[in-house]
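1. Fold the following.
(one chain, ligands or ions: 1)
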Amino acid sequence: MESFQLIPWERRLDEEAAELLYYAYRGHVDAIINDQYASVTGASRLIENIIHHQGCGEFLSRISRMAVHRSSQQLAGILTVTGIRPHTAHIPQVAVAESFQGRGVGSALMEAAFRDLAREGFEEATLTVTDQNAGAVRLYQRAGFQTFKTFGAFIYSREEAF
Ligand SMILES: CC(C)(COP(=O)(O)OP(=O)(O)OC[C@H]1O[C@@H](n2cnc3c(N)ncnc32)[C@H](O)[C@@H]1OP(=O)(O)O)[C@@H](O)C(=O)NCCC(=O)NCCS
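-> A predicted model of the protein is given here:
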């Protein structure tokens with residue numbers, strides 16, 4: 001991880017974060033479920049919703065993070081964290097750019113956030129993951145997450161419905 005620097009979320013990098021999301025989710029199962037991943041504009045709205053509109057709880061800017069690749073200064077990964085109850089945090093988004101995946105960036109972002117959450121008195125954290133997303137499921141299991149509830153994702157397609 002010495003090749004990467006973890007920094008607090010910087011709003012001036014929101015657009016870069018949207019691009020990272022768009023590319024990280026290209027051809028991904030979650031892009032079938034959520035069409036906001038299908039364009040950079042959609043990914044921007046998704047980020048705006050988490051950060052500005054508090055769509056997933058109170059955005060915790062001091063705990064959310066970005067990973068920057070030191071030598072290229074490219075944005076390598078993002079992690080958003082929100083507060084949904086006094087002692088419960090939520091992770092609406094974690095993504096690592098494809099070229100930097102498998103190098104511990106996702107794990108490092110989560111570990112750093114968990115340290116801060118514990119220091120601030122948070123006792124638990126929640127997230128949702130698509131079970132076909134095997135890589136992310138492994139990452140979360142290693143981090144200690146356990147399945148609390150399994151539910152179906154239903155996609156409404158106007159073309160097929162009429
Ligand atoms: C899921 C995701 C965030 C994981 O990020 P990541 O940085 O690749 O995760 P890590 O590198 O920490 O761990 C992934 C793998 O790399 C391995 N790894 C960790 N550190 C490593 C290192 N220094 N060198 C080589 N490999 C390493 C891990 O052992 C792990 O292996 P596994 O596939 O056997 O579990 C990333 O794949 C991603 O952005 N996916 C698309 C978006 C997405 O699905 N987000 C989650 C939605 S719920």
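2. Just to check, residue 22 is in contact with residue 40?
-> Yes - with contacts defined as Cβ atoms under 8 Å, residue 22 counts as touching residue 40 at a distance of 4.7 Å. From N, CA and C alone the C-beta is placed, and that goes for glycine too.
3. Between those two, which has more neighbouring residues?
-> Neighbour comparison, residue 22 and residue 40: the larger count goes to residue 22, with 21 against 15 (by other Cβ atoms under 10 Å).
4. just the strands in the chain please.
-> Secondary structure of the chain (DSSP state E): strands located at 4-8, 58-59, 65-69, 75-85, 88-96, 124-126.
5. Between those, which one is closest to the ligand.
-> strand 88-96 (3.8 Å; Cβ to the nearest ligand atom).
6. Quick one: name the residues of the protein near the ligand.
-> Within the chain, the positions adjacent to the ligand are 24-25, 28, 94-96, 101-107, 129, 133, 135-136, 138-139 by Cβ under 6 Å from any ligand atom.
7. where's the closest residue to residue 25 other than its chain neighbours relative to residue 109, distance?
-> In space, residue 25 comes closest to residue 37 once its chain neighbours are excluded; the distance is 3.9 Å by Cβ to Cβ, 6 or more residues apart in numbering. Here residue 37 is placed at a distance of 19 Å from residue 109 (Cβ to Cβ, to the nearest Å).
8. Looking at those two, which is more packed in?
-> Remark: of residue 37 and residue 109, residue 109 carries more neighbours, 25 against 21, as counted by other Cβ under 10 Å.
9. List the contacts of residue 15.
-> Applying Cβ atoms under 8 Å, 6 or more residues apart in numbering to residue 15 gives the contacts residue 44.
10. same deal with residue 48?
-> Contacts of residue 48 (Cβ under 8 Å, 6+ apart): residue 14.
11. which non-adjacent residue is nearest residue 92?
-> Here the nearest residue to residue 92 in space, its sequence neighbours aside, is residue 56; by Cβ to Cβ, 6+ apart that works out to 3.9 Å.
12. Thanks a lot, see you next time.
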